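In: after the sequence you'll find the predicted model.
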Protein chains: 2
Amino acid sequence: MMRTVAICGVGLIGGSFGLALRKAGFSGEILGVSSPATIRDAISVGAIDREATLGEAVAQADLIYLAQPILVILDTLPMLDAAKPGALITDAGSTKTAIVERARRPQRRAQFIGGHPMAGKEVRGVLAAEADLFEGRSYFLTPDTTEEANSDAVLEFRKWLEDIRCNVHLAKPAEHDRIVAYTSHLAQLASTALAGTISSSLGRSARPGAGPGLQDMTRLALSSYDLWADILATNSMEIDKALGDYIAHLMHIRSTLPLNLENQFKAASNFAKSLRDR
Amino acid sequence: MMRTVAICGVGLIGGSFGLALRKAGFSGEILGVSSPATIRDAISVGAIDREATLGEAVAQADLIYLAQPILVILDTLPMLDAAKPGALITDAGSTKTAIVERARRPQRRAQFIGGHPMAGKEVRGVLAAEADLFEGRSYFLTPDTTEEANSDAVLEFRKWLEDIRCNVHLAKPAEHDRIVAYTSHLAQLASTALAGTISSSLGRSARPGAGPGLQDMTRLALSSYDLWADILATNSMEIDKALGDYIAHLMHIRSTLPLNLENQFKAASNFAKSLRDR
């Protein structure tokens, strides 16, 4: 039974998870492991009930939710061996292969399952957290085996994810990392590169030419490098492949210009529409 | 004095211009030159008062506003020689060099000035028109000379553009085309190529990996090729150069991966922020 939850790293994602649990009716205690300033803010917005040390969290929690940056998650995982038998450890990191690999510790008593909510925004921190940030979004879980995905602890966690209206998807860690290399990491780099290209080619004279489309295309470019350094470092091979595919696609379009791009536009439009189908 | 306005091509842009003029207090007559079905819709939403043939519009209008696709504008321009002395002809085409070149007709009695409102959305047609579509957006005017930009007819038109809350920017046609090659045309192709790349690499398995960032990055990919064929055909050299710059930027990022992208992220983020400064 999930009575006590510990959220390690109470930022945008960790804070939103706490708020979402409460909104979905979770009545147990939510502990927060984070910096003093964050803890104060997190308590004030209702994302957690009280501060805990990592040791206290490990000793008491039935669910340990790691929502720190990826490299901090990697550092934290070896410190959770004393978690309670029957408890569940999960994380919200944007890449999974490195984390799941690090989580393989026979000496740990609690189960681990990797996770990744496909939610976020360009503003960070618990003050930007929202109870419905995950609503209608995909939530990847990356078990190694079918049994892992169906343990009592995981089934209870999945029930809560459904109650906070996520669409749970099961994928192997490598499959997850390949998918998000395109849908998230390549999208980020395409936006960063677009902003960088226009900035260096036009500078301030770009401003009057910026319409609503460019606003969309540069929103991801606002993202902080702090978050992305870890993602790039832990999924570099898949990202390299995705970037290579994107560059080849752009070179093909360039060589086809100015005519005969109808098929490319149609395929892209159909795909973009399919992302919007309910 | 601008008493009668004729809008040729009453779609999203032409219709929004009519609605915006009305909202800003224009009390003269607004004629529409378009297909019968469009005319019916345009009258019903209040974007125009009545239908006119091109001949009637040319004979009567003090402002002839060409809001058709670019190639149709190019075909229409030689048919406007009989427009009234003192009248103004302008257009809303997304590229300017070809249009301004075609508009150079000494035998025409009315002045021409190229124009381009930096507004739009992925839905087309007069039923999607909005009175405030141009509000707060840039509106390029592309005179060849300072005198052209300050004739009585142009000054009156500029006054109306300010009344409908556009930010008017003067630029030479070639300068305009270079700017929008990056801010609009490259942004479009970056989105089309991203959707195309993900579609061919992942297909339907991309769906659970699609978060809000990918929604932003693929909104432009929804655009219809009909509109873009004309743009690509009339600005191909500048677009080729912009695409080349973007590909080089992406190749540089790829060769730098996974580390040391902090400067690229910072430059891109600063530029994206500058687009959002008021």
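Out: Everything's here; your move.
In: residues contacting the closest residue to residue A:57 other than its chain neighbours?
Out: Leaving out its chain neighbours, the residue that sits closest to residue A:57 by C-beta to C-beta, 6 or more residues apart in numbering or on different chains is residue A:6, at 3.5 Å. C-beta: built from backbone N, CA, C; applies to glycine. In this structure, residue A:6 makes contact with A:30-33, A:52, A:57-58, A:60-61, A:63-65, judged by C-beta atoms under 8 Å, 6 or more residues apart in numbering or on different chains.
In: try it again at 6 Å.
Out: Residue A:6 makes contact with A:31, A:57, A:61, A:64, according to C-beta atoms under 6 Å, 6 or more residues apart in numbering or on different chains.
In: can you check residue A:71 too?
Out: Counted by C-beta under 6 Å, 6+ apart, residue A:71 has contacts residue A:230.
In: where's it, which helix or strand?
Out: Residue A:71 belongs to helix A:70-76 when assigned by DSSP states H and E.
In: is chain B within reach of the strand or helix carrying residue A:98?
Out: Residue A:98 belongs to helix A:97-103 when assigned by DSSP H and E. No: taking C-beta under 6 Å from any C-beta of the partner chain as the criterion, helix A:97-103 and chain B are apart, separated by no less than 11.8 Å.
In: show me what that helix is packed against.
Out: In terms of contacts (3 or more C-beta pairs under 6 Å, 6 or more residues apart in numbering or on different chains; DSSP states H and E), helix A:97-103 is packed against strand A:111-117, helix A:173-180.
In: ok, what's across the strand from the closest residue in space to residue A:56 that isn't next to it in sequence?
Out: Leaving aside its sequence neighbours, residue A:56 sits nearest to residue A:31 (C-beta to C-beta, 6+ apart; 7.1 Å). When bridges are called by DSSP bridges, residue A:31 pairs up with residue A:6, residue A:50.
In: domain parsing for chain A?
Out: A:4-171, A:175-276 (automatic domain parsing).
In: about what we covered before: most neighbours, which of the contacts of residue A:6?
Out: Neighbour counts for the contacts of residue A:6 peak at residue A:61, which has 29 neighbours (criterion: other C-beta atoms under 10 Å in any protein chain shown).
In: which element is residue A:44 on?
Out: helix A:36-45.
In: just the buried residues of that helix, please?
Out: Neighbour counts over helix A:36-45 (16 or more other C-beta atoms under 10 Å in any protein chain shown) mark A:38-39, A:41-43, A:45 as buried.
In: tally of neighbours for the spatially closest residue to residue A:81 that is not a sequence neighbour?
Out: In this structure, residue A:81 finds its nearest non-sequential neighbour in residue A:108, 4.6 Å apart by C-beta to C-beta, 6+ apart. Residues lying near residue A:108 (other C-beta under 10 Å) number 18.
In: quick one, phi/psi of residue A:108?
Out: Backbone torsions for residue A:108, taken as degrees, to the nearest 10, come to phi -80, psi 140.
In: poorly predicted segments of the stretch 1-150 of chain A, please.
Out: By pLDDT under 70, the stretch 1-150 of chain A contains no weakly predicted segment.
In: enumerate the residues of it near chain B.
Out: Counting by C-beta under 6 Å from any C-beta, the residues of the stretch 1-150 of chain A close to chain B are A:118, A:138.
In: please redo it, this time with the cut-off set to 7 Å
Out: A:118-120, A:137-138, A:140 (C-beta under 7 Å from any C-beta of the partner chain).
In: which of those sit farthest apart?
Out: By the measure C-beta to C-beta, A:120 and A:140 form the most distant pair in the residues of the stretch 1-150 of chain A next to chain B, at 13.4 Å.
In: is it true that residue A:19 touches residue A:129?
Out: Yes: with contact defined as C-beta atoms under 7 Å, residue A:19 counts as touching residue A:129 (5.7 Å).
In: shared neighbours of the two, anything?
Out: Taking C-beta atoms under 7 Å, 6 or more residues apart in numbering or on different chains as the criterion, residue A:19 and residue A:129 both touch residue A:47.
In: so which strand or helix has residue A:169?
Out: Element membership for residue A:169, per DSSP H and E: strand A:167-170.
In: pairing partners for that strand, with directions?
Out: Here strand A:167-170 is paired, per DSSP bridges, with strand A:138-142 (parallel).
In: between the partner strand and strand A:111-117, how big is the angle?
Out: In terms of direction (axes from the mean of the first three to the mean of the last three C-alpha atoms, to 10 degrees), strand A:138-142 departs from strand A:111-117 by 150 degrees.
In: CA atoms only for strand A:138-142, dumped as PDB, please.
Out: Extracted C-alpha coordinates of strand A:138-142, given in PDB (Å, rounded to 0.1, in the frame of the first residue of the first chain):
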ATOM      1  CA  SER A 138       2.200  10.200 -22.300                       C
ATOM      2  CA  TYR A 139       4.100   8.600 -19.300                       C
ATOM      3  CA  PHE A 140       6.700   6.100 -20.300                       C
ATOM      4  CA  LEU A 141       7.600   3.200 -18.000                       C
ATOM      5  CA  THR A 142      10.600   1.200 -19.000                       C
END
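In: beyond it, next helix or strand please.
Out: Remark: after strand A:138-142, the chain's next helix or strand is helix A:146-149, criterion DSSP H and E.
In: distance between that following helix and the chain's centre?
Out: Using C-alpha atoms, centre = their mean, to the nearest Å, the mean C-alpha position of helix A:146-149 is found 21 Å from that of the whole chain.
In: give the next helix or strand downstream of it.
Out: Moving toward the C-terminus from helix A:146-149, the next helix or strand (DSSP H and E) is helix A:152-163.
In: and that following helix, what's buried?
Out: Result for helix A:152-163 [16+ other C-beta under 10 Å]: buried residues A:153-154, A:157-158, A:160-161.
In: that one and chain B, any residue contact?
Out: No: Helix A:152-163 stays clear of chain B (C-beta under 7 Å from any C-beta), getting no nearer than 13.2 Å.
In: list the contacts of that helix.
Out: For helix A:152-163, the external contacting residues (C-beta under 7 Å, 6+ apart) are A:2, A:21, A:24, A:26, A:63, A:86-88, A:90, A:111, A:113, A:139, A:148, A:168.
In: can you redo the residues you listed as TSV with distance to residue B:101 and neighbour count?
Out: Listed next are the contacts of helix A:152-163 as TSV, based on distance: C-beta to C-beta, whole Å; neighbours: other C-beta atoms under 10 Å in any protein chain shown:
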residue	distance to residue B:101	neighbour count
A:2	70	17
A:21	63	24
A:24	63	15
A:26	67	18
A:63	68	25
A:86	76	13
A:87	73	22
A:88	68	24
A:90	63	23
A:111	70	20
A:113	64	22
A:139	55	21
A:148	67	17
A:168	58	16
